[in-house]
Every structure is written in C-alpha cells, then in structure tokens.
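1. Kindly return the folded structure for what I paste below:
(one chain, ligands or ions: 1)
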Amino acid sequence: MKTVGIFYGSTSGTTKAAAEKIAKAFGKDAEVHNIKEATPSMIAKYTNLVFGTSAWGIGDMQDDWEDFIDDLSEVDFIGKKIALFGLGDQEEYPESFVDGLGTMYCRLPEKGGVVGFWPTEGYKFYFSLAEKDGKFVGLPLDDHQQPEKTDARVKAWVDQLRTEFL
Ligand SMILES: Cc1cc2nc3c(=O)[nH]c(=O)nc-3n(C[C@H](O)[C@H](O)[C@H](O)COP(=O)(O)O)c2cc1C
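-> Next up, the predicted model:
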C-alpha cells in the first residue's frame, strides 16, 4: 500500500487525537497533517488520503476545513482514494450527528475515489447529513458519548482501508 496522507481539522483536540490514532493503526505507512498548515500540493502528493473534521454550527465542518475545502478543486483526484472520518456528539446533537462529515463528502470536488463507508449500527441519532443509502460516508467517532468504542472502530476501519486503498 502507498503512503497515506491524513489531514485533520480540530478545534479542541479530539479530531487531532483521532487522526493520530488512525496514523498509529496504519503504522509507518501514514503521515499526519493539520489542514490549517496544508496546501493543495501537499495533498496532491498522496495517492491514499484520509480527511477528518468535527461538526459545528448548522452542517459546518471544523473552521480550518471550512477555510480550505474550496482549494481542493486545485487537486487532481483521478487515481486517488479518499476516506473520511468525523467527530461529533450523538447525545447533544442527535439531529445533526457528525454533519461536518456529511458536508465534507458533499463538498468534495471528486467523489469517485471515496472509500471507507461505515455501517450506522452502534450509534444512536435521529438524523445525520453523513448518512447516505443506509451507510455513513466515512467513520463517525464520538469521543464524548462513546470514547470506549473509538480504538476498536479505528482498528476495524483501518483494516478495511488497507483492502480499499491502493
Ligand atoms: C457549538 C458546538 C456545535 C456542535 N455541533 C455539533 C453537531 O451539529 N453535530 C455533532 O455531531 N457534534 C457537534 N458538536 C460536537 C463537536 O463536533 C465535538 O465536540 C468534537 O469532538 C469537536 O472536535 P474538535 O475539538 O477536534 O474540533 C458541536 C460542539 C459545539 C461546541
């Protein structure tokens, strides 16, 4: 598998911590970057990409991703695989759970290479912009209500990505 570039946006640190766990699960095959310090050319150099955001406001991604996402149009995504993860809180925001993840998927300039879809079982919520055709468009993590599930979810998702990435 080719090196994985992980790009996260994080306000209070939970998405950053999740990005580091995902990198650790990939081992030496992954490099982690804060999207706040990233450029389109940094993203362009990876074949396998992981993007992570938390959820804020009304369907908003984390602020640094809100600032950056339009610059993704400068990246040629043909021949790349992209997997998404999102942090949220299903008890405080059950009607907009991990909406940032759904918005990120929606705003990707090219969706053909998206992998890492994830079942909705095991989460309790009423509505999520990240749910599409009965699955999440990436991995939701809830370090507020289900912190004990994060490690196992990350491991299983990374195992799945190893089969889906190039
Ligand atoms: C003002 C505010 C709005 C939020 N809105 C949502 C939301 O709509 N959906 C959700 O799942 N989580 C929501 N959250 C929870 C955050 O996404 C969660 O705390 C996340 O772990 C923050 O990650 P970060 O510190 O890495 O940015 C919200 C939190 C705050 C403080």
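2. quick one: contacts for the residue of the chain found nearest the ligand?
-> Nearest residue of the chain to the ligand, counting by CB to the nearest ligand atom: residue 88, 2.3 Å away. To be clear about C-beta, it is placed using only N, CA and C from the backbone, and glycine gets the same treatment. Residue 88 makes contact with 54-55, 97-101, 140-142, according to CB atoms under 8 Å, 6 or more residues apart in numbering.
3. if you set the cut-off to 10 Å instead, what comes out?
-> Residues counted as contacts of residue 88 (CB atoms under 10 Å, 6 or more residues apart in numbering) are 14-15, 53-56, 94, 96-101, 123, 125, 128, 130, 140-145.
4. Next up, the contacts around the nearest residue to it once chain neighbours are set aside.
-> Sequence neighbours aside, residue 98 is the residue nearest to residue 88 in space, at 3.8 Å (criterion: CB to CB, 6 or more residues apart in numbering). The neighbours of residue 98, taking CB under 10 Å, 6+ apart as the test, are 53-55, 84-90, 104, 123, 125, 128-131, 136-142.
5. So residue 148, which state does it fall into?
-> Look at residue 148: counting by DSSP: H, G, I helix; E, B strand; the rest coil, its state is helix.
6. can you pull the contacts of it?
-> Going by CB under 10 Å, 6+ apart, residue 148 touches no other residue.
7. Kindly state the pLDDT recorded for it?
-> We have a pLDDT of 98 for residue 148.
8. any idea how far residue 112 is from the residue of the chain closest to the ligand?
-> Distance from residue 88 to residue 112, counting by CB to CB, to the nearest Å: 26 Å.
9. could you pull out the strands for this structure?
-> Secondary structure of the chain (DSSP state E): strands located at 4-8, 30-34, 48-56, 60-61, 81-87, 114-115, 118-119, 131-132, 135-136, 139-141.
10. what's the closest of those to residue 40?
-> strand 4-8 (10.9 Å; CB to CB).
11. Run the angle between that closest one and strand 81-87 for me.
-> If you take axes from the mean of the first three to the mean of the last three CA atoms, to 10 degrees, strand 4-8 sits at 30 degrees to strand 81-87.
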